[in-house]
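**Q** using only what follows, build the 3D model:
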Amino acid sequence: MTASTDLQTLNVAVLTVSDTRSFDTDTSGQYLADQLEAHGHTVVEREIVIDDIYLLRAMVSKWIADPDVHAIISTGGTGFTGRDSTPEALTPLLDKTIDGFGELFRQLSYDDIGTSTVQSRAFAGMANKTVIFCLPGSTGACKTGWEGILKEQLDGRHKPCNFVPHTSAVEK
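**A** Below is the predicted model of the structure:
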């Protein structure tokens, strides 16, 4: 096997944003962790944090500052209820936004939920060579995001481009 056909294993932190879920009831975070590991990545941390701007920023800032965390995937807190604050919490931490992520996620989810997809505030960005993807909290939304975008974009073999070379996993 040549280097171009080898999977670059990423260290990924999974964050569930919820006031009500526990590790026993967190099907979305568990789905993401299972998919990451099934596709050769390492889940280095998995946390559940209540939907509080400052607690979310603290957790994600810790991971952004850690060069051994290459990617972060969060689930939850992206809707329009009074408690949904993931975009407000994490957007200020980003060095760059990945505008196409939210657009593509909503396009893909339209097939499943129709115009309700306009209420999704899914988004992504980069901070300190860490790629960050923020998905809605439903397991269905996590499946849409994983199958339609993340599985390929976290695989360095996906061409013509993916996010692996932009992370701290790859020394330039």
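
**Q** give me the below-cutoff pLDDT ranges for the protein.
**A** The chain contains residues with pLDDT under 70 at 1-5, 171-172.

**Q** can you pull up the most central residue in it?
**A** Centroid-nearest residue in the chain: Ile73, 2.3 Å away (criterion: C-alpha atoms, centre = their mean).

**Q** quickly list what that one is bridged to.
**A** Val14, Phe133 (DSSP bridges).

**Q** roughly how far does it sit from Glu45?
**A** Distance, Ile73 to Glu45, by C-beta to C-beta, to the nearest Å: 11 Å. Backbone N, C-alpha and C define where each C-beta goes, glycine included.

**Q** ditto for Ile64
**A** 12 Å.

**Q** more neighbours: which of the two?
**A** Ile64 (22 against 15; other C-beta atoms under 10 Å).

**Q** what's the helix or strand for the more buried one?
**A** helix 53-65 (DSSP states H and E).

**Q** contacts for the host helix or strand of Ser28, please.
**A** Element membership of Ser28, judged by DSSP H and E, is helix 27-38. With contact meaning C-beta atoms under 8 Å, 6 or more residues apart in numbering, helix 27-38 is reached by 12, 14-16, 21, 23, 42-43, 46, 48, 73, 75-76, 135, 137-139, 141-143, 146, 151, 154.
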